[in-house]
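Colleague: dropping the sequence and predicted coords here.
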Amino acid sequence: MKPLSQCRLYTFIDTAYLHGRDPAEIARQLCQGGSDLIQLRAKNSAPDEIRRLAATIGPILREAEVGLVINDHYGIAREVGADLCHLGQEDFFDTGYTRVSELAAGPSAPAVGLSTHAPGQALRAVAAGPAYIAIGPVYATGTKPGAKPVTLDYVRWAASYVTIPWFAIGGINLDNVGEVLAAGAKRICVVSAILNSTDIAEKCRELRARLPIHLS
């Protein structure tokens, strides 16, 4: 995969949004559309099913030089050779970790991204040493129905104070991505606006075209 600092469009293979579609075909379309990172999110799947899905999409992503992110399961991420593992606050801090280095070390260890929902969480997360943090949910989203939107105020705060790569996430689509970028975001995560599209690759291209080319 390209360096994380160069990644702009972070997309998902979320089993809740597959609706019977082939994960491999979804992976191909996401790659064709210009995804830099693709997260496998399978909230209600057993570990063996997550491993099977990772084995299915992994070769497609590697051929396209797109980073594979495993959601929630650090051990599985390491087993399958994923580039990254994404963990929520409850998966990391609430289980007793304070530093990413406490999870594991070594050349085969996946890098870690952390979710954050407020400035205090962001500061704590950055201090833990992740590869990136997520800022959100910016808007109400069906992927996190119980989560209160953090609004563009948190995006503006992150633009001023977060110095590691960060991605705005939550309810972002073509109608509102402009205001997210205007608030200071340069990288975005998009789930439903892409996976609910009839042309996944084209939707990725349309969103990617809105993102800044230069990230520094």
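Modeller: Good, I have the coordinates.
Colleague: can you pull the contacts of the nearest residue to Ala42 once chain neighbours are set aside?
Modeller: The shortest distance from Ala42 to any non-neighbouring residue, by Cβ to Cβ, 6 or more residues apart in numbering, is to Thr15 (4.4 Å). Just so you know, the C-beta spots here come from the backbone N, C-alpha and C atoms, and that holds for glycine as well. Counting by Cβ atoms under 8 Å, 6 or more residues apart in numbering, Thr15 makes contact with 23, 41-45, 53.
Colleague: now, those that are in helices?
Modeller: Using DSSP state H, 23, 53 are the members of the contacts of Thr15 that sit in helices.
Colleague: so which of the contacts of Thr15 comes closest to Leu103?
Modeller: Nearest to Leu103 out of those is Arg41 (Cβ to Cβ; 19.0 Å).
Colleague: and the helix or strand of the chain with the lowest mean pLDDT, what does it pack against?
Modeller: Of all regular secondary-structure elements in the chain, judged by mean pLDDT, DSSP states H and E, the least confident is helix 89-92 with a mean of 92. Applying 3 or more Cβ pairs under 8 Å, 6 or more residues apart in numbering; DSSP states H and E, one finds that helix 89-92 contacts strand 111-116.
Colleague: partner strands of the strand it packs on and their direction?
Modeller: Each strand pairing with strand 111-116, determined using DSSP bridges, is listed with its direction: strand 84-87 (parallel), strand 132-135 (parallel).
Colleague: format those as CSV; extra columns: mean pLDDT, mean neighbour count and distance to Leu30.
Modeller: Supplementary listing: these in CSV, determined by pLDDT from 0 to 100; neighbours: other Cβ atoms under 10 Å; distance: least, Cβ to Cβ, whole Å:
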stretch, mean pLDDT, mean neighbour count, distance to Leu30
strand 84-87, 97, 28, 15
strand 132-135, 98, 26, 18
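Colleague: thinking again about what came up before, the contacts of Thr15 in strands, which ones?
Modeller: Arg41 (DSSP state E).
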